[in-house]
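> Quick one, what's the 3D model for this:
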Amino acid sequence: MMAGFLASEEIEWNFLPPRAPNFGDLWEAGVKSFKYYFKRVVDNLKLTFEEFNCIVIQIEGMINSCPLFPLSSEMDEIEVLTPAHFLNGRPLYALTEPDLTNINENRLKSWHKITRIFEFIWKTWSNDYLNNLQERNKWMFCKNNVKIGDMVLVKEDNLPPLKWSIGKIVAVFPGVDNKIRVAEIKTAFGHYKRPI
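Coordinates of the predicted model:
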């Protein structure tokens with residue numbers, strides 16, 4: 001039944017060769033990102049199957065929550081397309097948990113332990129993700145300035161997991177060299193003036 005549908009839609013399968021994850025491009029980059037942060041935080045911790053499974057599912061949600069593209073060009077709309085839209089048709093949300101990153105580990109119950117591990121992973125991954133979006137090429141070539149109406153990710157400390165501060169540029173302030181270094185950003189929580 002599925003083969004007939006794919007044939008009628010003229011969909012062709014192209015399989016990767018075995019043991020060649022580098023052929024996978026973007027989705028393999030997601031797998032690599034997952035493994036890197038999971039190993040970095042979990043390291044030698046002894047986890048039960050349920051704890052391990054819970055952390056894996058939370059990391060999956062974290063990676064599938066990152067913004068990809070604005071859903072609308074309207075100035076009042078601040079919604080973005082995420083990988084979760086392709087999986088379940090809407091963005092992912094998480095309940096806000098108390099910050100457990102500074103609590104002594106030997107006092108934590110299993111749920112606190114899992115939450116603490118995930119919070120460490122979220123903080124390191126989201127910070128690295130935002131830093132990698134803004135490349136610094138040491139002025140080797142001229143790049144386009146941001147413009148009014150562009151959607152941006154606002155770097156905020158202490159955001160809860162799966163929560164991104166997204167805004168649209170409503171005003172720009174060029175420097176003496178005519179390069180835009182400061183912008184006014186409209187977010188769901190108000191207007192802010194921020195450096196690019």
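
> where exactly do the strands run in the protein?
Secondary structure of the chain (DSSP state E): strands at 69-70, 80-81, 151-153, 166-174, 180-187, 190-195.

> quick one: the residue nearest in space to the middle of the chain from Ser110, how far?
Nearest to the mean C-alpha position of the chain, counting by C-alpha atoms, centre = their mean, stands Cys66 at 2.8 Å. Separation of Cys66 from Ser110 (C-beta to C-beta, to the nearest Å): 28 Å. Where you see a C-beta, it was placed from the backbone N, CA and C, and this is true even at glycine.

> Which strands or helices does the lengthiest helix in the chain pack on?
Counting by DSSP state H, the longest helix found in the chain is helix 110-133. In terms of contacts (3 or more C-beta pairs under 8 Å, 6 or more residues apart in numbering; DSSP states H and E), helix 110-133 is packed against helix 26-42, helix 49-63.

> so what secondary structure elements neighbour the shortest one?
When contacts are defined as 3+ C-beta pairs under 8 Å, 6+ apart, helix 49-63 sits against helix 26-42, helix 110-133.

> Residue ranges in the chain under the pLDDT threshold?
Flagging of the chain using pLDDT under 70 yields the residue ranges 21-22, 25-26, 75, 93-108, 133-144.

> Of the strands of the chain, give the one that comes closest to Phe120.
The closest of those to Phe120 is strand 151-153. By C-beta to C-beta, the value is 20.8 Å.

> Within the sheet, what are the partner strands of the closest one, with directions?
Here strand 151-153 is paired, per DSSP bridges, with strand 166-174 (antiparallel).

> Extract the CA atoms of the strand it pairs with and return them as CSV.
Output of strand 166-174 as CSV, limited to C-alpha atoms (Å, rounded to 0.1, in the frame of the first residue of the first chain):
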residue,chain,number,x,y,z
ILE,A,166,12.5,35.7,19.3
GLY,A,167,12.0,39.2,18.0
LYS,A,168,11.7,41.4,14.9
ILE,A,169,13.8,44.4,14.2
VAL,A,170,11.7,47.6,14.3
ALA,A,171,14.5,50.2,14.1
VAL,A,172,18.2,50.2,13.3
PHE,A,173,20.9,52.6,14.4
PRO,A,174,24.0,52.8,12.1
